[in-house]
Structure formats: C-alpha cells, structure tokens
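Chemist: coords please:
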Amino acid sequence: MHTIPFLLFDLDGTLIDSMGDIHTSANLLLAEYSCPPLESDILRPCIGQGVRYLVSCLLASAGIQGCDIEAAVTRYRRIYQEHAMDTTAPYPGVPETLDALGHCSMAVVSNKPEAASREILGMLGLSHHFDYIAGGDSYEEMKPSPLPLLRLMERRGAGTDHTFMIGDSTYDIEAGRRAGVKTVAVAYGFQPLETLKALEPDFTVSAFSELPVILD
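Modeler: Numbering: from 1, shown residues only. So this is what the prediction gives:
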C-alpha cells in the first residue's frame, strides 16, 4: 500500500472561491425566466450536489414551476462557461500551500462536472499539483457517496490510514467518513461551520495554510 499521504480536495469552497461567478450565472439564468435575482445566501444551499441539483434548487427557490429542467441545465452550463472565470480565484494561501505539500499525492474530487473542473484548475495554474481530477460525472455516483473517493484510492493504491478528504461541505465530510478516511473541514467555504462540526470531522482548519500542520 502507498504510505505517502493521499489528499483528496473538494474544489468549490475549498480550493477556489467561485461563489461570485456561480451567483452571477444563476441570476442570469433567472433573468431569462423574467425572475428577479436571488441573494447569494439563498443560493448557497443549492451548491455542492452537482449542476442538475443546483438548477432545480435555483428554479424552485425562485418559484418557477413546470419548466424543462434539462433545457435549463443546458442553458446554465453555457452561461456558467462564459462567466466561470470572471472573479473565481484560489483562496488565500492555496497555491503556496499546495507547493508545500508537494511531497504528498493529491487529487481533486468535485461534484462539478469533470471538464469544467479541469478547465478552471488549468486556467488558475493549479492542475499540475494533482495526480487525478474527478468530477460529479466521472463515476456512477457523486459525493456524499464514498464511491469517487474509493475509486481514486484504488487507482493510487492508497489505504485509509494515509488518506484525507478535505472540503467545505457536509457532502465532503460524509463521503470521507463513509470511505473510512480522515476528514478535514475548512471553515471559510460555502457551508456554515456549525453544520460541518455537527458531523464531527477529524480536523477543522480556518485557513488553507494550516493543512501542513495537521498532516505533520
């Protein structure tokens, strides 16, 4: 078994602050349905379970009923592709900390589609840090299922004792626990810290730069 630490990172809310561009794209979609914009706090609970859930939740929050969900998802994807990099950036300390963790094996496991995850990481100059990049459509199931984590661990030859799931959402912590790995909750992401603490993650960090201390 591989004894080098294997670090599995969520993307949105963990490595990158993409809330502004998701929020913009969501409101541009709503505008096409002649709906007023939603505040970002209303949108937050919709994020983290993939694009289809995001759009369905968004439309429901705006009171839109009976529309073609698949058409709305397709339209959202196009809007988001145009605006995904308007303001999205790594959280403070992410590039430097990933450099410092270069002795570890690292992967991204997101519920965002794999192609979009790869494109954003590439445009931010972060792709080279990761041995694997998996999205919500990479496997048959997405987080909170442990399946994506277990598949990546199998590919890497990594055991549970040396694997960490690092994320900002309940889906990340649940997936990590169900996969039997150590879990690290980040306090600066999209979900409230008290929600994450209720799941009793193994570690909690208030800044990305604190990760090397935990691993040591």
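
Chemist: which residues of this protein fall in strands?
Modeler: All strands of the chain, identified by DSSP state E, fall at 6-9, 16-17, 89-90, 105-109, 132-134, 163-167, 182-186, 203-205.

Chemist: what's the spacing between the residue nearest to G189 when sequence neighbours are not counted and V186?
Modeler: In space, and not counting its chain neighbours, G189 is closest to D168: 2.4 Å by Cβ to Cβ, 6 or more residues apart in numbering. Glycine gets a C-beta too; all of them are placed from N, C-alpha and C. Taking Cβ to Cβ, to the nearest Å as the measure, D168 falls 5 Å from V186.

Chemist: what of D41?
Modeler: 19 Å.

Chemist: of those two, which one has the most company?
Modeler: Shown here are D41 and V186; by other Cβ atoms under 10 Å, V186 has more neighbours (29 against 8).

Chemist: identify the residues contacting the more buried one.
Modeler: G13, T14, I166, G167, D168, T204, V205, S206, F208 (Cβ atoms under 8 Å, 6 or more residues apart in numbering).

Chemist: neighbours of R78, how many?
Modeler: 11.

Chemist: contacting residues around it?
Modeler: R78 touches nothing, counting by Cβ under 8 Å, 6+ apart.

Chemist: quickly note the distance from it to A31.
Modeler: Applying Cβ to Cβ to R78 and A31 gives a distance of 14 Å.

Chemist: over to K182?
Modeler: K182 is 43 Å from A31, by Cβ to Cβ.

Chemist: same deal with S25?
Modeler: Distance from S25 to A31, by Cβ to Cβ: 11 Å.

Chemist: higher neighbour count, these two?
Modeler: S25 (24 against 12).

Chemist: how about the helices in the chain?
Modeler: Along the chain, the stretches classed as helices by DSSP state H are 19-32, 40-43, 51-61, 69-83, 94-100, 114-123, 147-156, 170-179, 193-197, 211-215.

Chemist: per-residue confidence averaged over the last one?
Modeler: Think helix 211-215. In this model, helix 211-215 has a mean pLDDT of 92.

Chemist: switch to numbering from 29
Modeler: Okay, residue one is now 29; in that scheme the one you just asked about reads as helix 239-243.

Chemist: list the buried ones in that helix?
Modeler: L239, L243 (16 or more other Cβ atoms under 10 Å).

Chemist: tell me which other helices or strands it touches.
Modeler: Judged by 3 or more Cβ pairs under 8 Å, 6 or more residues apart in numbering; DSSP states H and E, helix 239-243 is in contact with helix 122-128, strand 231-233.

Chemist: can you lay out the ones you listed as TSV showing mean pLDDT?
Modeler: Below are these laid out as TSV (pLDDT from 0 to 100):
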stretch	mean pLDDT
helix 122-128	98
strand 231-233	97
